[in-house]
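Trainee: next one to model:
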Amino acid sequence: MSVLISRQGDYLIASVVSDLSDSQVVALRSELIDRACALRARGIILDVGGLDVIDSFVARSLRSIALTMRLRGAETVVVGIRPEVAIAMVQFDLDLVPIHAALDIDEAFLLLEHRIEGNSEDER
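Mentor: Just a heads-up that it's a prediction; the model follows:
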């Protein structure tokens, strides 16, 4: 598969290095959710910089990952969306809620830490 998955602390980072077929997207979704649940990840960072296109199927799959992980108490952040891909996503009115976006992995870590700490404080 054209995706590298690594762990950094409480987070998983999935880096897509080239376009994925629909079956590869489904496999990624399953593997990422399984690994995140097994490792009790608190957040997932999806680097989609290798994708030339984010179509409705990929968008629904990313959204499915985010919704599943949210039910497990983890947040999802997408990074690396190319400008031309972002423009196409807006034109096609693709819904990625509740996925958060960040420019790069460093910003994604900051966002996850802020969201997780904020959620912890809300529970007190």
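
Trainee: now the strands for the chain?
Mentor: 3-8, 11-16, 43-47, 75-79, 100-102 (DSSP state E).

Trainee: with distance to R63, mean pLDDT and mean neighbour count added, can I get those strands in TSV?
Mentor: In short, each C-beta sits where N, CA and C put it, glycine included. Output for the strands of the chain, formatted as TSV (distance: least, C-beta to C-beta, whole Å; pLDDT from 0 to 100; neighbours: other C-beta atoms under 10 Å):
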stretch	distance to R63	mean pLDDT	mean neighbour count
strand 3-8	17	95	14
strand 11-16	15	96	21
strand 43-47	11	96	25
strand 75-79	9	95	24
strand 100-102	12	94	18
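
Trainee: any chance of the ones you listed in CSV with distance to V90 as columns?
Mentor: Formatted as CSV, the strands of the chain follow (distance: least, C-beta to C-beta, whole Å):
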stretch, distance to V90
strand 3-8, 25
strand 11-16, 20
strand 43-47, 19
strand 75-79, 14
strand 100-102, 12
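
Trainee: so which of those strands comes closest to S61?
Mentor: Across the strands of the chain, S61 has its closest neighbour in strand 43-47 (10.2 Å, C-beta to C-beta).

Trainee: what angle separates that closest one from strand 3-8?
Mentor: Strand 43-47 runs at 140 degrees relative to strand 3-8, counting by axes from the mean of the first three to the mean of the last three C-alpha atoms, to 10 degrees.
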